[in-house]
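1. Kindly return the folded structure for what I paste below:
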Amino acid sequence: MSKRMIVGLAAAFALLIVPVVATAETTSLPADAQQALDKGLAAAKQQQWEIAIQNFQDARKIAPDAPEIFYDLGLAESKIAGRELRAIAWFGAYLATSPNAPNAAAVKDFIAALRIKVRGNIDSLIKATEVADNSLPDTPIRHDGGITGKLTNKPDQDRIMSLYRVATLWASAGNSANANATAHRIGRAGYNEASSLSDIVAALANSGYIEDAIKTAASIDDSVFSNSANLAIAAAQAKAGDLTSARATLMTAQARLGKEKSVYLRNSQGGDLARAQANIGDIAGAEKTAAMMPSPIAKAWVHLAIAEAQIKAGDRAAAQASLAIAQKATDLWNSLSAAQKSTRCNCTLSEPQDQSTLDVVERRIGELLADAGDITGARSTLRIAQKYTRLIAGTRKSSEAALLASRQADVGDVAGAQDTARLISDKVGKADAARAIMAAQARAGDAAGAQKTADAAKDDPYLAKMAKYIIADGLAQHASSTQAGTPPKAAAAAPTPAVVSTSDWIRELDTLNTPLFLDLPGSVKAPQQTYKIIAPGASSEPTETDTKRTFKALVAIAQTVIAANDTVDAMLKQQFGGAKP
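-> Numbering: from 1, shown residues only. Okay, here's the model as predicted:
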């Protein structure tokens, strides 16, 4: 990127904005604080903003909760190009401290004007990355699928991949028009436009621009990427508390899945869709999606997700019923021949009996049975998992056995855990299993057995050192559980809505107390130096050109500013009840 372009970009941040607003609410300050504040106001009259800010900060050290100091800091920082987010945060602190201040309405209007300025800063940053992208050489690199849609070594690949990052930046900033235009450029160059559009939808939705995300998703004509887009939209709708719209979005994806002819896609997309439905409490929708999936093992995973959602909702009986369905689906999968399994999943199995998958599924069923209160069922199911673990070949057997032994110990099946532990070959796995078994024995009141397990693990110095503490804690839990008349735990109080406090804004200001937010124009003038601060220790490829490093640095700067703006916007929305200040 040329020096002239960088200087021009920095100049775009040099416009000072917005006059001083109405008089702030004041309090009686200590003499030293008032003296520092007066010095700051005198410096402000001379437009010596940095000196004013230093004096206001000196006053805040003496009177840290004085609202007028927050207000004056906001005014002073608003006069320095690139510090608009910091100014907004000071005004947020002011209104959090004095929500009924006489100038509250004027301050909110001021915040709205500053937000427009921040959006302008972000637009300038992204335009700079576009200029840098156009300067990149046509460097061939290989990519498998994704945006390319195929293995490729096209000469413009590196530049197009960078342009894809520009599209995502526009989307994260809420500029769907520019994001989509960039995606169309990618498509005209012969790359997978649907992939970039899908990620644009995700970026828009994640940043709260849900309506724009929906419009962009409607233009995607590829089933795979359309499904991904709908899942991102539904997740954003659910996060925003609009479960009705989230369910409707997932129902649209479900209707499209019903028309899908590919066995593989019906399984993979159906699994993602059903899990999303379960996560928002649409159990009936998730079950309907599961019925569309040809693979029994894929259905089993869906019913595990349903059971997990039911457990979180406190419906243990329903969860146990879902786990029974998952077990039946797993049994059916195990009964099929390798050829039948391949037909149902349209995939290549890692082993003829697919024992690795069966081991993991059975272990997960056992874990969830325990969470649902069926300890006996959990122990039995984990014994089934042990059978499949024995069949696993290679080093994976040891790692899977270590996980299983710990789960068996957690549900009190010490004998089963000890049996599984014999399949473990690596030192770390053996120690993990021994720790879990020792704790389980102590919780059961078997001090002698726990000590025997500790003695057998004496080759591990750390475990030998910790054994007495593990055993003591387990025995204490045993004693507590056997005491008669132990009062039940009080029900948890209903959560109260979170309120953005003055201290929240001060913590955010600490986050914004970096060179990038203290001197945005200067940071843009030296993007590579700024990148070293943003991403300390980040490495560069030996073949990277100076232009490529500048592009990468500008992307990182833009991403950091966008993320900070999203945080501040979310805090403002929370503070003012969803209304724009």
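2. can I assume Ala101 sits in a strand?
-> No: secondary structure of Ala101 (DSSP: H, G, I helix; E, B strand; the rest coil): coil, not part of a strand.
3. Now the helix or strand hosting Ile306: average pLDDT?
-> Assessed by DSSP states H and E, Ile306 sits inside helix 296-312. Averaging pLDDT along helix 296-312 gives 95.
4. That helix: which residues count as buried?
-> 296-311 (16 or more other CB atoms under 10 Å). Bear in mind the C-beta positions are built from the backbone N, C-alpha and C, glycine included.
5. how far does that helix sit from the chain's center?
-> Distance of helix 296-312 from its chain centroid, counting by CA atoms, centre = their mean, to the nearest Å, is 22 Å.
6. and what of stretch 551-561?
-> That offset, for stretch 551-561, works out to 19 Å (CA atoms, centre = their mean).
7. For that stretch, which outside residues touch it?
-> Stretch 551-561 is touched from outside by 1, 85, 118, 121-122, 125-126, 128-129, 132-133, 135-136, 162, 165-166, 169, 172-173, 516-517, 520, 523-524, 527-528, 530-531, 534-535, 540, 544, with contacts defined as CB atoms under 8 Å, 6 or more residues apart in numbering.
8. repeat for stretch 186-201
-> 146-149, 154, 156, 160, 163-164, 167-168, 170-171, 176, 179-180, 182-184, 213, 216-217, 219-222, 224-226, 228-229, 232-233.
9. Sort out which of those residues are buried, if you could.
-> Counted by 16+ other CB under 10 Å, the contacts of stretch 186-201 give 147-149, 154, 156, 160, 163-164, 167-168, 170-171, 176, 179-180, 182-183, 213, 216-217, 219-220, 222, 224-226, 228-229, 232-233 as buried.
10. What about the residues you listed, which are in helices?
-> 160, 163-164, 167-168, 170-171, 176, 179-180, 182-183, 213, 216-217, 224-226, 228-229, 232-233 (DSSP state H).
11. what two of the buried residues of helix 296-312 have the greatest distance between them?
-> By the measure CB to CB, Pro296 and Ile311 form the most distant pair in the buried residues of helix 296-312, at 22.4 Å.
12. follow-up on the earlier one: other SSEs contacting the helix or strand just after the helix holding Ile306?
-> As assigned by DSSP H and E, the chain's next helix or strand after helix 296-312 is helix 316-335. Packing partners of helix 316-335 (3 or more CB pairs under 8 Å, 6 or more residues apart in numbering; DSSP states H and E): helix 296-312, helix 355-371, helix 375-391.
13. Could you pull out the buried residues of whichever strand or helix holds Leu125?
-> If you go by DSSP H and E, Leu125 is part of helix 104-134. Using 16+ other CB under 10 Å as the test for burial, helix 104-134 gives 104, 107-108, 110-111, 114-115, 117-118, 121-133.
14. what's the answer for stretch 542-556, then?
-> For stretch 542-556, a neighbour-count test (16+ other CB under 10 Å) marks Lys548, Arg549, Thr550, Phe551, Lys552, Ala553, Leu554, Val555, Ala556 as buried.
15. Is it possible to get a markdown table of those that adds pLDDT, secondary structure and distance to Leu75?
-> A markdown table is the format used below for the buried residues of stretch 542-556 (pLDDT from 0 to 100; DSSP: H, G, I helix; E, B strand; the rest coil; distance: CB to CB, whole Å):
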| residue | pLDDT | secondary structure | distance to Leu75 |
| --- | --- | --- | --- |
| Lys548 | 85 | helix | 41 |
| Arg549 | 88 | helix | 38 |
| Thr550 | 91 | helix | 35 |
| Phe551 | 91 | helix | 36 |
| Lys552 | 91 | helix | 36 |
| Ala553 | 94 | helix | 32 |
| Leu554 | 94 | helix | 30 |
| Val555 | 94 | helix | 32 |
| Ala556 | 95 | helix | 30 |
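16. and of those residues, the nearest to Leu403?
-> Ala556 (37.2 Å).
17. Am I right that Ser226 is in contact with Thr216?
-> No: with contact defined as CB atoms under 8 Å, Ser226 does not count as touching Thr216 (10.8 Å).
18. Can I get stretch 42-58 as PDB, trimmed to CA atoms?
-> The C-alpha trace of stretch 42-58 is given here as PDB (Å, rounded to 0.1, in the frame of the first residue of the first chain):
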ATOM      1  CA  ALA A  42      -8.800  25.400  31.500                       C
ATOM      2  CA  ALA A  43      -6.700  23.100  29.200                       C
ATOM      3  CA  ALA A  44      -9.900  22.100  27.300                       C
ATOM      4  CA  LYS A  45     -10.700  25.800  26.600                       C
ATOM      5  CA  GLN A  46      -7.300  26.000  24.900                       C
ATOM      6  CA  GLN A  47      -8.100  22.700  23.000                       C
ATOM      7  CA  GLN A  48      -5.200  21.000  24.800                       C
ATOM      8  CA  TRP A  49      -7.100  17.800  24.900                       C
ATOM      9  CA  GLU A  50      -4.300  15.500  26.100                       C
ATOM     10  CA  ILE A  51      -3.400  17.800  28.900                       C
ATOM     11  CA  ALA A  52      -7.100  18.100  29.800                       C
ATOM     12  CA  ILE A  53      -7.500  14.300  29.900                       C
ATOM     13  CA  GLN A  54      -4.400  14.000  32.100                       C
ATOM     14  CA  ASN A  55      -5.800  16.500  34.600                       C
ATOM     15  CA  PHE A  56      -9.300  14.800  34.500                       C
ATOM     16  CA  GLN A  57      -7.600  11.500  35.200                       C
ATOM     17  CA  ASP A  58      -5.800  13.000  38.200                       C
END
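19. buried ones in that stretch?
-> Ala43, Ala44, Trp49, Ile51, Ala52, Ile53, Gln54, Asn55, Phe56, Asp58.
20. now do stretch 454-466
-> Within stretch 454-466, the residues scored as buried using 16+ other CB under 10 Å are Ala454, Ala457, Asp460, Leu463.
21. Off-centre distance for the host helix or strand of Ala93?
-> Ala93 belongs to helix 84-97 when assigned by DSSP H and E. Distance of helix 84-97 from the chain centroid (CA atoms, centre = their mean) equals 26 Å.
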